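Student: predicted model and sequence follow; I will ask about them next.
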Amino acid sequence: MSRVSPKSFPQGIITKGHTDKNFQFLVLSGNVLLLIQSHLANLPPSQRRSANRAVFYFECFLWLINHPPITSTLDLRTNAFLSIQRLFYGALYSNCFLAAEVKYSGRQRLVRYFFKLLAELSKSSPINIFVYSDLTDSQVRECIAQFEAIGIDPVRAAKLMGWQVADRSANSFRLKMGAIFDFWA
């Protein structure tokens, strides 16, 4: 199977469109998913919505790069998990992953609450957390370039092209993932 750069999808793999509440996690699973869900429930509603979307995007990203399942909190302590966070950070700011219609402020909110959720998780279990707040503009561009330089299976990317996000209100986005995750399960 040949691999392609995310730059092959200049309009973004995930675009605006219809919504679907039918979602199944495949990569984040087991104790890790239970831990994430328990911490999401403790967040205030406005933060919970953004953190929940960020977790959906993270699952989408992990599935796209064909990452092995993350089932144990031990998986969150590795340098590989740290590298994945850096790539995900680049993906969130890349128009090749999220459509250009997703505003910069929306991307910032996703980043902020994703890493806030990881910080909350680290209170109950040690986690390697990527420190994004100290990045310069050139380092942010480097993260984006790193994501855009990885090879992605074009079949997986084609499946992702069916995933949609919809502007609900105040730049709130929800993914349509059910059919794709069910297909690959």
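Tutor: Nice, thanks for sending it over. Since the model is a prediction, treat every value here as computed from it, not as a measurement. Residues are numbered from 1 along each chain as shown.

Student: my read: residue 82 touches residue 127, true?
Tutor: No. If you go by Cβ atoms under 8 Å, residue 82 and residue 127 don't touch, sitting 9.3 Å apart. No exception for glycine: its C-beta is placed from N, CA and C like everyone else's.

Student: and those two? which has more neighbours close in?
Tutor: Ranked by neighbour count (other Cβ atoms under 10 Å), residue 82 and residue 127 place residue 127 first, with 20 against 15.

Student: and that one, how far from residue 96?
Tutor: Distance, residue 127 to residue 96, by Cβ to Cβ, to the nearest Å: 27 Å.

Student: who's in contact with the spatially most central residue of the chain?
Tutor: By Cα atoms, centre = their mean, the mean C-alpha position of the chain lies nearest to residue 58, the distance being 2.1 Å. Residues near residue 58 by Cβ atoms under 8 Å, 6 or more residues apart in numbering: 28, 88, 114.

Student: need the residues you listed in CSV (columns: pLDDT, neighbour count and secondary structure).
Tutor: As requested, the contacts of residue 58 are exported to CSV (pLDDT from 0 to 100; neighbours: other Cβ atoms under 10 Å; DSSP: H, G, I helix; E, B strand; the rest coil):
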residue, pLDDT, neighbour count, secondary structure
28, 90, 21, strand
88, 94, 24, helix
114, 92, 23, helix
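
Student: next, count neighbours for residue 86.
Tutor: When neighbours are defined as other Cβ under 10 Å, residue 86 has 18 of them.

Student: so who does it touch?
Tutor: Here residue 86 is in contact with 130, 143, 146 (criterion: Cβ under 8 Å, 6+ apart).
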